[in-house]
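using only what follows, build the 3D model:
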Amino acid sequence: MSYQHSYAQSIADPAAFWAEQARSVTWYREPTVVLENNADGTHQWFPDASLNSCYLALDHQIEQGRGDQLALIYDSPVTGTQQSFSYLQLREEVARLAGLLRQLGVQKGDGVIIYMPMVPQAAMAMLACARIGAVHSVVFGGFAANELALRIDDARPVLLLTASCGLEFERVIEYKPLVDRALALARHRPRNVLVWQRPQAQAPLQAGRDLDWAQSVTDAQPVAPVELGAADPLYIMYTSGTTGKPKGIVRENGGNAVALHYAMRTVYGMQPGDVWWGISDVGWVVGHSLIVYGPLMCGCTSVFYEGKPIRTPDASAYWRVVEQYKVNALFCAPTAMRAIRKEDPDAELLRKHDLSSLRQLFLAGEKLDSSTHQWLERVSGKPVHDHWWQTETGWPVTAPCVGLEGSAARAGSSNRAVPGYHVQVLDDDGHLVGPNHQGAIVIALPLPPGCSQTLWGDHPRYVQAYLSTYPGYYHTGDGGYLDEDGFVYIMGRTDDVINVSGHRLSTGEMEDLVARHSAVAECAVIGVHDDIKGQVPLALVVLKDGAGIVESQLLVDLVASVREEIGALACFNQVRLVKRLPKTRSGKILRAVLRKIADGQAYTPPSTVDDPAVLQEIEAVLSGLARAS
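Numbering: from 1, shown residues only. As a prediction, this is how the structure comes out:
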């Protein structure tokens, strides 16, 4: 089927289009109702259907004759470990772990936190929860204890699964002290903590609460998947909110299964038996959609990688994996390819590897700059596709759909809307703008299956955050434009959430931490361009009179504070002292103008600025930073 026909059909009659796609899923009870709309703008897909996501990912694949096919390939250059699991072997591990969870009192609808590194047991934990109907929330291993505590209090898990440590290059990060501190900070307490002991660090266990994972699962009895409603939640994925309080994005079982079946075939062109590599972490939405659920539900072999694009051992790490496992397609963030290019600009290491199995590369998570795009296509000799999606959508919004005839790609664009997504651009008053005019990127309702329709325990916040700004539309929070052919160009966030190496972080939360310092009178934290990470935070600080602190000491203090509360992944290490911050007459800090100054971009002083002279002062302070960028 052609892209043009599919897209037109999906917009003209969404219910009929998705009813057809739902036939690709094996249901316990097939849907008779496809779409129900709610008065607040939310909607429910397949409300009367039932299924089980773990069954689709494992049991169904075995029933289709794929039991001996590899399901998961674990490759860990940081530990020198390689391990493979067939669909039969993975189901056995998952079913026994699910039995242990049941033995520990975990029931359908209960919350479970998974705080794990990239080891196979993390995927097993996710699938085990899905098997018995528990709602898992994977928290990126290494997140600061305070951030983990916030998620524990919001999800209220009955069980927390973790590992003794994670590894970053040659550094061992012990997780148990972070877990213990998080549980001390949290108001809610899970009944048990299940710990996977790794040889790089052994974690002490607290009697009566902590359990050794490997010992406990040995005698557990495997359990079968339970029947779940399509609307039952599969997982919670926390993403930064502008207030600093994390938002628990809820993904439902039914819509997620239909969407991922469609995305793997249509967007990524994958078929059963293909080898797929989603290069990410299970702490992020990509790890859910493109490492665990999507590839397995579609009968692919999924590569599960614990390592970095460089220094494990060098910038050839990705190409070695592609050659060794005959990877057919991969997904990664532009940050990874920028790091590889920096280390191997002439692709000397790449040329030592056979990439003949690789059909294409997909990049997303932040803007793919044209220089990296062109370099990667030239040195790999493969098509490189930019595409765009969000934690909230769970699967691509715009992309070249390589599984459809007539699909096209355009460099510099995140490409056209995927069938099901009616992407449009509105001005500040909510009016549609014409081609090549910038505005707010929105998606006309209804959203397709798989997109979040609520926040965990706070539905009004979902409606306020995503549906209230432009009634009838989902507000993506991104700005940009569509060209005359419908190609979408994402220009950046319209709120104060920044993207550091594909991780969305709240500058509002960082500002709060900076402002707590006894010497700080006022501050603004903005995201500035970085060639490798996409964006990094920069703090502009106004000191209290007579504070008596030098900039170097202030930087040490603030970096330590942000690392403690948010984590090292924030990459917070730039502070500039300023006499004052540019504001509107109403007192609002002009953050958009600050970002342009920091990135060395041209700007027009807004008519609402209280004192134009302050902008010149800021330019003088940030001039060196702009040249460095």
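
for Gly295, which three-state class applies?
For the record, residue 295 is Pro, not Gly. Assigned by DSSP: H, G, I helix; E, B strand; the rest coil, the conformation of Pro295 is helix.

my read: it touches Gln271, true?
No - with contact defined as Cβ atoms under 8 Å, Pro295 does not count as touching Gln271 (11.2 Å). (C-beta placed from N, C-alpha, C; glycine too.)

so which of these two has more stuff around it?
The neighbour comparison of Pro295 against Gln271 (other Cβ atoms under 10 Å) goes to Pro295, with 27 against 13.

for the more buried one, give me its contacts.
264, 270, 276, 278, 301-302 (Cβ atoms under 8 Å, 6 or more residues apart in numbering).

again, only using 10 Å
Shown in contact with Pro295 (Cβ atoms under 10 Å, 6 or more residues apart in numbering): 57, 71-72, 260, 264, 268, 270, 274-278, 289, 301-304.

helices along the stretch 501-629 of the chain, start to end?
507-515, 551-565, 591-598, 613-628 (DSSP state H, counting those that start in this stretch).

most tightly packed of the ones you listed?
Greatest average neighbour count among those goes to helix 507-515 (a mean of 22), per mean count of other Cβ atoms under 10 Å.

okay, that one in CSV with CA atoms only?
C-alpha atoms of helix 507-515 as CSV (Å, rounded to 0.1, in the frame of the first residue of the first chain):
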residue,chain,number,x,y,z
THR,A,507,15.6,23.6,33.6
GLY,A,508,12.9,24.7,36.0
GLU,A,509,14.0,22.0,38.4
MET,A,510,17.7,23.0,38.0
GLU,A,511,16.8,26.6,38.6
ASP,A,512,15.2,25.7,41.8
LEU,A,513,18.4,23.9,42.9
VAL,A,514,20.6,26.8,41.9
ALA,A,515,18.3,29.3,43.6
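
quick revisit: return the subset of the contacts of Pro295 lying in strands.
Among the contacts of Pro295, the subset assigned to strands under DSSP state E consists of 71-72, 275-278, 301-304.

quick one: which of those is the most crowded by neighbours?
Neighbour-wise, the ones in strands among the contacts of Pro295 (other Cβ under 10 Å) top out at Trp277, 28 neighbours.

so what's that residue bridging to?
Judged by DSSP bridges, the bridge partners of Trp277 are Val303, Leu330.

coming back round to it: between Pro295 and Gln271, what contacts are shared?
Met264.

wait, what's in contact with Tyr238?
137-140, 143, 147, 150-151, 154-155, 245-249, 283, 391, 455-456.

try it again with 7 Å
Counting by Cβ atoms under 7 Å, 6 or more residues apart in numbering, Tyr238 touches 137, 151, 246-248.

farthest-apart pair in those, please.
By the measure Cβ to Cβ, Ser137 and Lys247 form the most distant pair in the contacts of Tyr238, at 12.0 Å.

tell me which of those two has more neighbours.
Neighbours were counted for Ser137 and for Lys247 using other Cβ under 10 Å; Ser137 has more, 27 against 24.

these two touch, right, the more buried one and Asp110?
No - between Ser137 and Asp110 there is no contact under Cβ atoms under 7 Å: 11.4 Å.

that older thread, TSV for the helices of the stretch 501-629 of the chain, including distance to Leu104 and mean pLDDT?
Listed next are those as TSV, based on distance: least, Cβ to Cβ, whole Å; pLDDT from 0 to 100:
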stretch	distance to Leu104	mean pLDDT
helix 507-515	33	82
helix 551-565	31	91
helix 591-598	47	88
helix 613-628	52	79
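
which one of those lies closest to Lys367?
Each of the helices of the stretch 501-629 of the chain has some distance to Lys367 by Cβ to Cβ; the shortest is helix 591-598, at 13.9 Å.

strands paired with the lowest-mean-pLDDT helix or strand in the chain, and their directions?
Within the chain, no helix or strand scores below strand 503-506, which has a mean of 74 by mean pLDDT, DSSP states H and E. Strand 503-506 has the following strand partners under DSSP bridges: strand 497-500 (antiparallel).

let me see the mean pLDDT of the partner strand.
Averaging the model's pLDDT scores along strand 497-500 yields 77.

which residues sit against that strand?
With Cβ under 7 Å, 6+ apart, strand 497-500 has contacts from 240, 242, 366, 504-507, 527, 533-537, 569-571.

quick one: which two of those are the most distant?
Thr242 and Lys533 (20.5 Å).

the more surrounded of the two?
Ranked by neighbour count (other Cβ under 10 Å), Thr242 and Lys533 place Lys533 first, with 22 against 16.

correct me, but that one touches Ala333?
No - contact status for Lys533 versus Ala333: not in contact, 9.6 Å apart, counting by Cβ under 7 Å.

overlap in contacts, these two.
With Cβ under 7 Å, 6+ apart as the test, Lys533 and Ala333 both reach Ser501.

now the residue lying farthest from the centre of the chain: how far from Ala521?
Here the centre of the chain is the reference, and by Cα atoms, centre = their mean the most remote residue is Gly546, at 43.3 Å. Distance, Gly546 to Ala521, by Cβ to Cβ, to the nearest Å: 11 Å.

also His60?
His60 is 61 Å from Ala521, by Cβ to Cβ.

who's more crowded, these two?
Legend: neighbour count by other Cβ under 10 Å for His60 and Ala521, higher for His60 (20 against 14).

got a list of what that one touches?
Thr26.

that one and Ala144, how far apart?
Counting by Cβ to Cβ, the gap from His60 to Ala144 is 39 Å.

next one: Asp232
Counting by Cβ to Cβ - Asp232 and Ala144 are separated by 31 Å.

Pro309 now?
Applying Cβ to Cβ to Pro309 and Ala144 gives a distance of 24 Å.

who has more neighbours, those two?
Pro309 (25 against 20).

my guess is that one contacts Ile340. True?
Yes - counting by Cβ under 7 Å, Pro309 does reach Ile340; the two are 5.0 Å apart.

now for those two: what residues contact both?
Common neighbours of Pro309 and Ile340 (Cβ under 7 Å, 6+ apart) are 315, 318.

Asn328 and Pro272, how far apart?
To Pro272, Asn328 is 12 Å away according to Cβ to Cβ.

so between these two, which is more surrounded?
Asn328 (21 against 15).

how about the more buried one: what's its closest non-neighbour residue?
Asp274 (4.6 Å; Cβ to Cβ, 6 or more residues apart in numbering).

Tyr318 sits in which helix or strand?
helix 317-325 (DSSP states H and E).

so for that helix, what's the average pLDDT?
Mean predicted lDDT for helix 317-325 stands at 98.

equivalent analysis for stretch 462-474, please.
For stretch 462-474, the mean confidence score works out to 96.

give the buried residues for that stretch.
462-463, 465-467, 469-470, 473-474 (16 or more other Cβ atoms under 10 Å).

kindly check the end-to-end length of it for me.
For stretch 462-474, the first-to-last residue distance is 10 Å (Cα to Cα, to the nearest Å).

beta partners of Ile589?
Lys583.

related to what we said a few turns ago, and the residue nearest to Asn328, how far is that from Glu92?
Counting by Cβ to Cβ, the gap from Asp274 to Glu92 is 24 Å.
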